[in-house]
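1. Sequence and predicted structure, then a few things I'm wondering about:
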Amino acid sequence: MEKADIKIEGAMVCDGTGAALFKADVAILDDRIQAVGDLSAQPAGSVVSGAGLVLAPGFIDVHTHDDRAVLVDPSHACKVSQGVTTVVTGNCGISLAPLKVPADKRPAPPLDLIAPTGAQLFDGFGDYLSALDTAPPAVNVLPQIGHSTLRLAAMEDLTRGASGRELSAMLSLLEDSLAAGAAGFSTGLFYRPAEHAPTEEVIALVKAVGAAGGFHSTHMRDEGDFVLDSIDETARIGHEGGAPVVISHHKCTGEANHGRSVETLARIDHYRVQQPMALDAYPYEAGSTVLDSARLEGARKILVSWSEPRPDCAGRDLDELAAEFGMSRQETAKMLSPAGGIFFQMDEEDVRRILAHPATMIGSDGLPHDARPHPRLWGTFPRVLGHYARDVGLFSLEEAVRKMTGLPAARFGLTDRGAIRPGAYADLVLFNADSIIDSATYENPMQPAAGIEMVMVNGRIVWRDGASTGARPGRAIRLKDIKPRTVPDAA
């Protein structure tokens, strides 16, 4: 047998399929898994002990806003420290390309969450992908084009649907981006740049995505009182657009909607047997986004995650600040803006019910450029494994790993990723199942998790002994490299 580059000996292998753990050695040659089994006679350049540890496929973070973070912080410790080896970017309708904004001008929210000025944007999607190729990060990147980005590029008045000319301009940009390698198309119909976009506008764009073989993800128009209507709209867009859809960070917001995940999951299941539909979630009761003074209702508590005019207020409770300033919650939010917030608006039972659903994938939805980010940026995957799988017993370790690896790999068509088997890419994480847990908190959010021993991307070690190794073997995964699931779950 050909000499391996690295051999991991005696680990309990969790292969990503949901199958029971089994003890084995794993040999890596170049960027692929060479062999799995009893490899005691296999020569290797170096040997890593897996004794007492679990070896799993590298985790796939299906919902991120890491578009710029992977360029400015290519070691990407906030994710590799959790065992993440692939990130899906361009979510919620926002992407760094294709858009021209003056270098010193702040893009419209929520695009400013990933690009505070136009200088961080790219005229063409191919330019963004070239930047990733030239200066690769530690993780693989699966990029999407954002609908709001296209609207900002093609429209001056965003308070209406696109005209025929504007829609043609968006379609041209979209098709160019797909040809360059963009893998999917996202919408953020909840946000101001896209809230006035009619369903028909989105369908017209998704048709181009479906024809190219890409996927569509969505921050739906409403996750509160009209969440069922939004699921129906999402299904219609996917059906008429001819593309698989992913419901991003599924939740039921506002006290009046607590418990409604019973209804929403049933509605999603209704569509899943008719068309390709998936969903993801993060393991927290709070979300995080722009601090919009007109959208503060339904949150029992709001923490300020960043503020441009008042950076000293980051980490503070909005209601406490309002009391200090003698203002209403809305007036305080206006005073702090542009700003971001962490919104406590979900119910734990809904969080658990959604996480436990067999079709739910895991996505962090972390905002890497916030001054005081939501702890999900650093803690999502170890929290699922340590808190919800081990401590709460919501599902097995094998099922938790499947939600992070094999399931998303199948949904997004990440060929040869999300699995431990000969021939698969050597994206791997070695962790201690007894000690793995998130360390990030709302008070101290930028803390690496405990229990992650080693992380490997494309056959190279990127995290070991609690620190980045400096290796940057990540790749931009283009549309031509994927084959998203295009049949319903009943098929």
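-> Arrived safely.
2. Please make it C-alpha for all contacts and neighbour counts, starting now.
-> OK.
3. buried set for stretch 430-438?
-> Leu430, Phe431, Asn432, Ala433, Ile436, Ile437, Asp438 (16 or more other Cα atoms under 10 Å).
4. Arrange those residues in TSV, one row each, with pLDDT and secondary structure as further columns.
-> Formatted as TSV, the buried residues of stretch 430-438 follow (pLDDT from 0 to 100; DSSP: H, G, I helix; E, B strand; the rest coil):
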residue	pLDDT	secondary structure
Leu430	98	strand
Phe431	98	strand
Asn432	98	coil
Ala433	98	coil
Ile436	98	coil
Ile437	98	strand
Asp438	98	coil
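5. how much space is there between Gly474 and Val455?
-> Relative to Val455, Gly474 is positioned 12 Å away (Cα to Cα, to the nearest Å).
6. got it, and Gly214?
-> Taking Cα to Cα, one finds Gly214 at 29 Å from Val455.
7. What of Ile247?
-> Taking Cα to Cα, one finds Ile247 at 28 Å from Val455.
8. what pLDDT does Ala491 get?
-> Here the pLDDT value assigned to Ala491 is 76.
9. coming back round to it: name the residue in Gly474 and Val455 with the higher neighbour count.
-> Of the pair Gly474 and Val455, Val455 is the one with more neighbours under other Cα atoms under 10 Å, namely 31 against 25.
10. partners of the host helix or strand of that one, with directions?
-> Following DSSP states H and E, one finds Val455 within strand 452-457. Sheet pairing of strand 452-457 (DSSP bridges) gives strand 428-431 (antiparallel), strand 460-464 (antiparallel).
11. Which stretches in the stretch 51-200 of the chain count as helices?
-> 69-72, 77-80, 125-134, 147-154, 164-180, 199-212 (DSSP state H, counting those that start in this stretch).
12. Can I get these in CSV including mean neighbour count?
-> Listed next are the helices of the stretch 51-200 of the chain as CSV, based on neighbours: other Cα atoms under 10 Å:
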stretch, mean neighbour count
helix 69-72, 18
helix 77-80, 25
helix 125-134, 18
helix 147-154, 24
helix 164-180, 18
helix 199-212, 19
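13. so what are the domain limits for the protein?
-> As assigned by automatic domain parsing, the chain contains the domains 4-57+420-466, 59-292+341-411, 293-340.
14. for those, which one sits closest to Ile482?
-> Within the domains of the chain, the stretch nearest Ile482 is domain 59-292+341-411; the backing value is 7.7 Å (Cα to Cα).
15. and the end-to-end length of that closest one?
-> Distance between the two ends of domain 59-292+341-411: 14 Å, counting by Cα to Cα.
16. pLDDT of that domain, averaged?
-> The model assigns domain 59-292+341-411 a mean pLDDT of 98.
17. chain center to stretch 404-423, what's the gap?
-> Averaged C-alpha coordinates place stretch 404-423 at 16 Å from its chain's average position (Cα atoms, centre = their mean, to the nearest Å).
18. Identify all contacting residues around it.
-> Counting contacts by Cα atoms under 8 Å, 6 or more residues apart in numbering, the residues outside stretch 404-423 that touch it are 13-17, 32-36, 56-62, 215, 278, 359, 361-362, 381, 424-427, 481-485.
19. Equivalent analysis for stretch 227-239, please.
-> With Cα under 8 Å, 6+ apart as the test, stretch 227-239 has contacts from 199, 202-203, 206, 216, 218, 220-223, 244-245, 247, 252, 263-264, 267-268, 271, 275, 277.
20. Which ChimeraX command selects the buried ones in the residues you listed?
-> Only the buried entries of the contacts of stretch 227-239 go into this ChimeraX selection, using 16+ other Cα under 10 Å:
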select :202,203,206,216,218,220,221,222,223,244,245,247,252,264,268,271,275,277
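21. Just the ones in helices from the contacts of stretch 227-239, please.
-> Thr199, Val202, Ile203, Val206, Glu263, Thr264, Arg267, Ile268, Tyr271 (DSSP state H).
22. hang on, isn't Gly214 packed against Arg485?
-> No: Gly214 is not in contact with Arg485 according to Cα atoms under 8 Å; the separation is 9.8 Å.
23. which residues are common contacts for those two?
-> Listed as contacting both Gly214 and Arg485 by Cα under 8 Å, 6+ apart are Pro244.
24. Pick out whichever of these two has more residues nearby.
-> Gly214 (31 against 23).
25. Please report how far that one lies from Arg411.
-> Distance from Gly214 to Arg411, by Cα to Cα: 11 Å.
26. Now list whatever residues contact both of these two.
-> Pro484.
27. Can you tell me which of the contacts of stretch 404-423 are buried?
-> 13-17, 32-36, 56-62, 215, 278, 359, 361-362, 381, 424-427, 482-485.
28. In strands, which of those appear?
-> If you go by DSSP state E, the buried ones among the contacts of stretch 404-423 have 13, 32-36, 56-57, 59-61, 215, 278, 361-362 in strands.
29. so what's Ala467 up against?
-> Ala77, Ser81.
30. can you tell which of the helices of the stretch 51-200 of the chain is closest to Ala294?
-> Closest approach to Ala294 among those (Cα to Cα): helix 147-154, 19.3 Å.
31. so how many other residues sit close to Pro469?
-> Quick fix: residue 469 reads Thr, not Pro. By the measure other Cα under 10 Å, the count of residues near Thr469 is 16.
32. Contacts made by the host helix or strand of Gly45 with the rest, please.
-> Element membership for Gly45 (DSSP H and E) is strand 44-49. Residues from elsewhere that reach strand 44-49, judged by Cα under 8 Å, 6+ apart: Lys3, Ala4, Asp5, Ile6, Lys7, Ile8, Glu9, Gly10, Ala11, Ala27.
33. Adjacent strands (with direction) for it?
-> Assessed with DSSP bridges, strand 44-49 is paired to strand 4-13 (parallel).
34. re earlier: for the helices of the stretch 51-200 of the chain, give me TSV that also has distance to Leu99.
-> Below are these laid out as TSV (distance: least, Cα to Cα, whole Å):
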stretch	distance to Leu99
helix 69-72	17
helix 77-80	27
helix 125-134	9
helix 147-154	5
helix 164-180	9
helix 199-212	17
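35. what's the closest of the ones you listed to Glu398?
-> Nearest of the helices of the stretch 51-200 of the chain to Glu398, taken as Cα to Cα: helix 77-80 at 20.2 Å.
36. Using CSV, write out the CA atom coordinates for that closest one.
-> What follows is helix 77-80, C-alpha atoms only, in CSV (Å, rounded to 0.1, in the frame of the first residue of the first chain):
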residue,chain,number,x,y,z
ALA,A,77,-10.4,30.7,13.9
CYS,A,78,-14.0,31.4,14.9
LYS,A,79,-15.0,28.5,12.7
VAL,A,80,-12.1,26.1,12.5
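37. re earlier: quick one, which of the strands paired with strand 452-457 gets closest to Leu121.
-> Closest of the strands paired with strand 452-457 to Leu121 is strand 460-464, at 27.4 Å (criterion: Cα to Cα).
38. helix or strand right after the closest one?
-> strand 467-468.
39. what residues does stretch 148-155 touch?
-> Applying Cα under 8 Å, 6+ apart, the external contacts of stretch 148-155 come out as 93-100, 111, 158, 162, 166-167, 169-170, 173-174, 187-188, 193-194.
40. mind redoing it with 6 Å?
-> Stretch 148-155 has contacts (Cα atoms under 6 Å, 6 or more residues apart in numbering) with Gly93, Ile94, Leu99, Glu166, Met170, Pro193, Ala194.
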